[in-house]
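Asks: with the input below, show me the fold.
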Amino acid sequence: MKTKLKDKELVKQFMSGDTFALETLINRHKDRVYTYILFIVKNEKLAEDIFQDTFIKVIKSLRKGKYNEQGIFVSWVIRIAHNLTIDYFRKQSRMPTYSNDENPDIDIFNSQKFAEATIEEDIIKDQIASEIRRLVDILPDEQREVVLLRHFGNLSFKEIAEQTDVSINTALGRMRYALINLRKLIEEKKLNLSIM
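Replies: As a prediction, this is how the structure comes out:
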């Protein structure tokens, strides 16, 4: 049964022509990959588009033999998703726009959340979030994966343990080491990650 096979075995089967092996891989990791993309783009439609583009690129890369079996498959897929997301934002490279179309009864220009102080705070929060994301990207794969799933994907440690196929204690340990490493990186780079 394919659901019991490891990722690298499924990859080998797909590369040998078994398309069902890829379907099993996608089903196994789709929630994690989609959650990661959605956290960054904060738009379901856009997240779905990038998710589809990610697996199209995964298929093309596998067929070209660009997957290194020594890496963790899902981390490789998330890295592809991350790069496609960054590419999307580079192409856009403009300020976000707001619309009254979804709820015309609310005047977005007369909203407390668009007051000057709040906009300034939001910019600072976005800068902090962006800086933290850059630091998280530096972490070892296993630590980065737990941080992304826990803080950006809002998964419980039990869910993280199930999805990464480790014990809860291992997931907690990886998070602990990730936080220790993040603190070291913040100190080394002398970053100020406070709003006030």
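
Asks: C-alpha from now on. contacts and neighbour counts both.
Replies: Noted.

Asks: tell me the buried residues in stretch 10-25?
Replies: Under the neighbour-count criterion of 16 or more other C-alpha atoms under 10 Å, stretch 10-25 has Leu10, Val11, Gln13, Phe14, Met15, Ala21, Leu22, Thr24, Leu25 buried.

Asks: and the residues you listed, which is closest to Arg63?
Replies: Ranked by distance to Arg63 (C-alpha to C-alpha), those are led by Met15 at 6.5 Å.

Asks: now do the nearest residue to that closest one once chain neighbours are set aside against Ala161, distance only.
Replies: Using C-alpha to C-alpha, 6 or more residues apart in numbering and skipping residues adjacent in sequence, the residue nearest Met15 is Arg63, 6.5 Å away. For Arg63, the distance to Ala161 (C-alpha to C-alpha, to the nearest Å) stands at 30 Å.

Asks: looking at the two, which one has more neighbours?
Replies: Ala161 (18 against 14; other C-alpha atoms under 10 Å).

Asks: hmm, the more buried one is touching Gly173, no?
Replies: No: Ala161 is not in contact with Gly173 according to C-alpha atoms under 8 Å; the separation is 11.1 Å.

Asks: just give the number of residues close to the closest residue to Ile26 other than its chain neighbours.
Replies: Nearest residue to Ile26, sequence neighbours excluded (C-alpha to C-alpha, 6+ apart): Phe55, at 7.9 Å. By the measure other C-alpha under 10 Å, the count of residues near Phe55 is 18.

Asks: please read off the pLDDT at Phe55 from the model.
Replies: Looking at Phe55, its pLDDT is 92.

Asks: from Leu172, how far off is Pro140?
Replies: 15 Å.

Asks: ok, those two, which is more surrounded?
Replies: Remark: of Pro140 and Leu172, Leu172 carries more neighbours, 17 against 13, as counted by other C-alpha under 10 Å.

Asks: count of residues packed around the closest residue to the more buried one other than its chain neighbours?
Replies: Distances taken as C-alpha to C-alpha, 6+ apart place Phe157 nearest to Leu172, at 7.0 Å, with adjacent residues excluded. Residues lying near Phe157 (other C-alpha under 10 Å) number 19.

Asks: equivalent analysis for Glu145, please.
Replies: 24.

Asks: for it, what are its contacts?
Replies: For Glu145, the contact set (C-alpha atoms under 8 Å, 6 or more residues apart in numbering) comprises Ser75.

Asks: report the distance from the helix or strand containing it to the chain centre.
Replies: Taking DSSP states H and E as the criterion, Glu145 maps to helix 141-147. With C-alpha atoms, centre = their mean, to the nearest Å as the basis, helix 141-147 stands 10 Å off its chain's centre.

Asks: what do you get for stretch 165-175?
Replies: 19 Å.

Asks: in it, what counts as buried?
Replies: Neighbour counts over stretch 165-175 (16+ other C-alpha under 10 Å) mark Ile168, Ala171, Leu172, Arg174, Met175 as buried.

Asks: of all those residues, which comes closest to Lys190?
Replies: Of the buried residues of stretch 165-175, the one sitting nearest to Lys190 (C-alpha to C-alpha) turns out to be Met175, at 22.0 Å.
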